[in-house]
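Colleague: the sequence isn't on hand, but the structure is:
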């Protein structure tokens, strides 16, 4: 699966770490708790409206705030106490090695730019993976109090109710979500793909949180989603949730001017959409 291919290859996880239904449910319970705790911290700061930008990362448009670091620190401290032998890969503080064969993949604030501009489209994404991909994952949107989650062996849920994806089969009426890179040269190549795709679908949305884009696709709010320049923490939970509702999830191979990417879509649309964007 694409989530495993993109996530595990970059994570270099070691061993299966055990993957039964009971383990998955236990891990999901913790993932949900971590996502909610991080989200509560972030929501308090978001409503306060005084968040500081600490630095930019890959480009001046790629920002990190105090909130990103505070949320990740809270999640890491909890994992260090409850799962001390697990590895952690977080967006802001990098890789902490473990010995259990399990790796927690954490985006403590997906949608930082939205957060800093007071746009309520951001979330916390927490997944745990073994050598075969994500075992459990949770995406929490504090602004809407929406919790998306799934395990490898179980159903995908939104606030406890089963997610129901779109059944659309006509690309011309499909709502498609995407995202853009921070690098200007990659954006230029993406603009060409965008211009080619736009006349062939109902419309395209770009809201700024890859994890929520995947969750919303699983929920049927979008018919498909694709994006380049994604990282494991962007998609580890979201691709699992999409797979568990029966969506097609596949890797978009690197090509000239366009880095590695991911596509999640209703099966009837996936092949044609992949041809258009890949």
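Modeller: Sure thing, it's come through. Keep in mind that this is a model prediction, so the values were computed, not measured. Numbers count the residues shown, from 1 in each chain.

Colleague: which stretches of the stretch 1-150 of the chain aren't confidently modelled?
Modeller: Within the stretch 1-150 of the chain, the stretches falling below the threshold (pLDDT under 70) are 1-20, 50-64.

Colleague: one more pass at 80, please.
Modeller: Within the stretch 1-150 of the chain, the set of residues satisfying pLDDT under 80 comprises 1-22, 49-65, 91-94.

Colleague: at which residues are the strands of it located?
Modeller: Remark: strands of the stretch 1-150 of the chain, listed N- to C-terminal, are 53-56, 63-65, 87-90, 94-96, 103-110, 123-130, 133-141, 146-151; assignment by DSSP state E, counting those that start in this stretch.

Colleague: now the ones you listed as CSV including mean neighbour count?
Modeller: Every residue, glycine included, has its C-beta placed from N, CA and C. Rendered in CSV, the data for the strands of the stretch 1-150 of the chain read as follows (neighbours: other C-beta atoms under 10 Å):
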stretch, mean neighbour count
strand 53-56, 12
strand 63-65, 18
strand 87-90, 24
strand 94-96, 12
strand 103-110, 29
strand 123-130, 31
strand 133-141, 29
strand 146-151, 25
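
Colleague: would you turn these into JSON lines with distance to residue 254?
Modeller: Listed next are the strands of the stretch 1-150 of the chain as JSON lines, based on distance: least, C-beta to C-beta, whole Å:
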{"stretch": "strand 53-56", "distance to residue 254": "24"}
{"stretch": "strand 63-65", "distance to residue 254": "25"}
{"stretch": "strand 87-90", "distance to residue 254": "21"}
{"stretch": "strand 94-96", "distance to residue 254": "22"}
{"stretch": "strand 103-110", "distance to residue 254": "21"}
{"stretch": "strand 123-130", "distance to residue 254": "22"}
{"stretch": "strand 133-141", "distance to residue 254": "20"}
{"stretch": "strand 146-151", "distance to residue 254": "28"}
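
Colleague: secondary structure class for residue 227?
Modeller: Three-state call for residue 227 (DSSP: H, G, I helix; E, B strand; the rest coil): strand.

Colleague: need the phi and psi values for residue 230.
Modeller: According to degrees, to the nearest 10, the main-chain angles of residue 230 amount to phi -80, psi 160.

Colleague: returning to what we had before: so which of the strands of the stretch 1-150 of the chain is nearest residue 160?
Modeller: Distances from residue 160 to each of the strands of the stretch 1-150 of the chain were compared using C-beta to C-beta; the minimum, 8.1 Å, belongs to strand 146-151.

Colleague: angle of that closest one against strand 133-141?
Modeller: When axes from the mean of the first three to the mean of the last three C-alpha atoms, to 10 degrees is applied, the directions of strand 146-151 and strand 133-141 differ by 170 degrees.

Colleague: what about residue 208, which SS state?
Modeller: The assignment at residue 208 comes out as coil when based on three-state DSSP.

Colleague: quick one: it and residue 269, what's the gap?
Modeller: In this structure, residue 208 and residue 269 are separated by 23 Å, where distance is defined by C-beta to C-beta, to the nearest Å.

Colleague: ditto for residue 21
Modeller: According to C-beta to C-beta, residue 21 and residue 269 sit 31 Å apart.

Colleague: between these two, who's got more neighbours?
Modeller: residue 269 (22 against 11; other C-beta atoms under 10 Å).

Colleague: what packs against the helix or strand containing that one?
Modeller: Following DSSP states H and E, one finds residue 269 within helix 267-277. In this structure, helix 267-277 makes packing contacts with helix 184-197, strand 224-228, strand 248-252, strand 261-265, judged by 3 or more C-beta pairs under 8 Å, 6 or more residues apart in numbering; DSSP states H and E.
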